[in-house]
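1. Need coordinates for the following:
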Amino acid sequence: MVAIAAICLFFHSECPNCRYIPAEQVKNPVHTADRVRQVLSTRGLSLYQVSKRSAEIFGRSSPYFIPQGFYHDLVAGHFIPNICRLVALSQISNYRLCDWLAVFGFRLDSIPRIQLLTPSRRTVLLDSTTYDEEQWVPWFLKVGPDCPTAALSPLGRFLRMNTGERARDLLSLNKRHFLYAKVGQDDAFSFPALFPGSIVRIDLRPTSDSMSHPDPRDSKSIFLVENGIDLHCGQLRRLDKHRILLCCPQFPFTRLELTLGGRVRIVGRADAEIRSLSTDGSSSAHSAPSLQSTASAALTAGHHVGVHELLRLSRMRVGLSFREASSLSMRLSRAFGDVHYFTAASTLSDYEKLASPFSHVQKAISLCALYYINFWVLLRAGGIAIDSLGAEAMDDHMVPRPGLRQGTPAAGQAGSIQHRREGDGLLAKVIDQWQELPLFIKDALPAISGLKDVSLADIFYVGANQEANHPSLTGAAIVTVNRRFKKPTPSTARTIWEQPLYVLVRRDGSYLCGPCELRDGVLVVHPHCDLPQKSLHFKRGVDAEVIGRITAILRRLP
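-> Here you go, the predicted model:
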């Protein structure tokens with residue numbers, strides 16, 4: 001059983017407009033003050049008690065101190081959310097910090113979404129954290145056989161939308177943890193095996209192709225390699241015990257010899273890719289990047305640095321200047337409709353020296369999103385005791401939760417949800433196939449797939465017996481289709497990897513996909529030039545018809 005439900009989840013989103021704005025951006029300060037009062041009342045706390053308690057723990061001169069005029073400042077619009085004060089509210093009330101942020105209209109899960117949607121010249125690691133594990137995630141009900149038997153089938157025949165599941169229930173069934181990277185526009189080592197802008201899953205386990213022994217041949221697998229602050233995806237050749245060669249078969253001049261140890265390490269092997277074909281030119285190769293790093297220290301896993309050094313190294317890893325980062329923050333500010341997300345270039349420079357990025361929640365979210373930093377890592381680097389934060393989740397009626405809609409089971413019905421999941425066995429098969437559900441991706445997939453309103457009819461399962469007549473379809477498991485493009489246009493692609501791909505339905509009801517063109521009323525499906533198959537010819541409207549153009553592909557890497 002292929003993991004069709006999990007894959008389908010990746011291409012379904014609760015955010016059809018794919019905006020940066022959270023599900024409920026709180027605009028009314030009176031409403032916010034009432035909600036804060038309501039939350040504190042569930043703990044039997046008054047503002048006076050909270051203020052007194054914050055003075056006892058942190059001191060009156062501390063940025064964590066909650067003044068007794070807190071409600072007045074909030075209603076008057078004089079209050080600017082401060083992370084330190086929200087940390088104090090979390091610690092005193094024992095409610096999670098992410099819930100307190102949501103009370104004031106901030107969703108931490110916007111950080112991974114912005115990272116996924118922001119173009120990057122360099123390859124970067126994505127923040128794959130699901131911050132609000134109490135959010136509701138759309139799930140599916142099986143209405144057909146466990147697995148489609150055809151080579152290509154629309155998922156609408158086998159699944160339909162059902163009530164949501166808690167994110168924590170889905171995450172608890174993950175068997176392993178993977179890293180996720182976004183291939184940079186200037187990372188030429190992995191092209192065409194990986195496209196610039198593609199999302200790649202990184203398997204950290206050693207494999208038979210892990211380059212543990214010298215080998216004059218290039219590896220069959222694509223690896224993620226860390227070279228100081230730089231990350232590259234590409235094939236490797238083991239030169240000797242300590243040296244490796246990062247190379248690209250497509251561009252023989254693109255090579256980089258590295259010595260393992262210290263600032264250089266093999267992070268893991270790429271085993272899956274989400275490739276977006278929704279925009280023209282997104283798959284074109286760029287010039288080779290500079291192979292010299294100007295950083296003075298490596299930002300590796302477990303490398304503990306202060307907040308100023310963390311920001312400096314993260315910005316250098318992304319390859320942004322202060323002016324470029326400031327320009328991106330302006331775009332965030334306009335998307336959110338909040339000027340506090342904008343950060344001037346001079347302020348960004350100050351954050352890497354003396355200034356604190358915690359004076360505004362908006363600034364911290366903007367820095368995490370643009371510099372590809374995990375929010376909890378940023379707080380820990382700033383000296384905030386993460387372990388002392390509240391651990392209890394607020395009820396759904398106290399905080400706006402994404403995915404909560406009419407018909408969603410209440411929290412008290414978790415047992416029935418678990419029973420339903422175990423009854424059809426679908427989720428267990430999903431986890432066995434993919435090992436992990438990357439829930440952090442789902443909100444950005446309308447942009448990745450190029451479809452504003454994704455339905456199950458737009459998602460096609462690709463079976464193992466589907467002939468991969470194009471290199472982009474090798475190992476494909478799922479493709480999304482834009483049904484508005486029903487007439488193949490003459491291709492102006494410079495390379496075979498940029499050719500548009502289409503899904504066709506034949507007269508007998510079967511489907512096929514591949515490069516297609518229209519010649520005098522005849523649909524011609526071309527195989528890849530390296531394959532022995534001949535082109536297929538169908539009379540349009542009689543023998544076959546175009547369903548639409550493929551906009552995204554989820555595939556396993558060989």
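
2. which residues sit in contact with Ile274?
-> By CB atoms under 8 Å, 6 or more residues apart in numbering, Ile274 lies in contact with Phe10, Ser198, Ile199, Ile441, Ile448, Ala552, Ile553, Leu554. C-betas here are computed from N, CA, C, even on glycine.

3. Quick one: these as JSON lines, columns for neighbour count and secondary structure too.
-> Shown next, in JSON lines, are the contacts of Ile274 (neighbours: other CB atoms under 10 Å; DSSP: H, G, I helix; E, B strand; the rest coil):
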{"residue": "Phe10", "neighbour count": "24", "secondary structure": "helix"}
{"residue": "Ser198", "neighbour count": "24", "secondary structure": "coil"}
{"residue": "Ile199", "neighbour count": "23", "secondary structure": "strand"}
{"residue": "Ile441", "neighbour count": "21", "secondary structure": "helix"}
{"residue": "Ile448", "neighbour count": "26", "secondary structure": "helix"}
{"residue": "Ala552", "neighbour count": "25", "secondary structure": "strand"}
{"residue": "Ile553", "neighbour count": "26", "secondary structure": "strand"}
{"residue": "Leu554", "neighbour count": "26", "secondary structure": "strand"}
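
4. Can you tell me which of those is nearest Val50?
-> Using CB to CB, Ile441 comes nearest to Val50 of the contacts of Ile274, at 37.5 Å.

5. which residues touch the closest one?
-> With contacts defined as CB under 8 Å, 6+ apart, the neighbours of Ile441 are Phe10, Pro112, Leu116, Tyr180, Ile199, Ile274, Ile448.

6. what's the neighbour count on the second one?
-> Spelled out, it's Pro112. Pro112 has 28 neighbours, counted by other CB atoms under 10 Å.

7. again, but for the fourth one
-> Each residue near Tyr180 was counted by other CB under 10 Å, and the total is 22.

8. Pretty sure it sits against Arg201.
-> Yes: counting by CB atoms under 8 Å, Tyr180 touches Arg201, with 5.8 Å between them.

9. Mind putting the contacts of Ile441 into a markdown table with pLDDT and distance to Gly541?
-> What follows is the contacts of Ile441, written out as a markdown table (pLDDT from 0 to 100; distance: CB to CB, whole Å):
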| residue | pLDDT | distance to Gly541 |
| --- | --- | --- |
| Phe10 | 56 | 33 |
| Pro112 | 94 | 44 |
| Leu116 | 92 | 39 |
| Tyr180 | 96 | 43 |
| Ile199 | 94 | 37 |
| Ile274 | 93 | 33 |
| Ile448 | 86 | 32 |
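
10. which of those lies closest to Asp432?
-> Once CB to CB is applied, the member of the contacts of Ile441 that ends up nearest Asp432 is Phe10, at 16.8 Å.

11. If you count neighbours, what's buried in stretch 236-245?
-> Neighbour-count burial for stretch 236-245, with 16 or more other CB atoms under 10 Å as criterion, is recorded at Leu236, Arg237, Arg238, Ile244.

12. Gly197 contacts Val183, correct?
-> Yes: the pair Gly197 / Val183 is scored as a contact, 6.4 Å apart, by CB under 8 Å.

13. ok so, going back, tabulate the contacts of Ile441 (JSON lines), appending distance to Glu165.
-> Shown next, in JSON lines, are the contacts of Ile441 (distance: CB to CB, whole Å):
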{"residue": "Phe10", "distance to Glu165": "15"}
{"residue": "Pro112", "distance to Glu165": "19"}
{"residue": "Leu116", "distance to Glu165": "22"}
{"residue": "Tyr180", "distance to Glu165": "21"}
{"residue": "Ile199", "distance to Glu165": "23"}
{"residue": "Ile274", "distance to Glu165": "22"}
{"residue": "Ile448", "distance to Glu165": "22"}
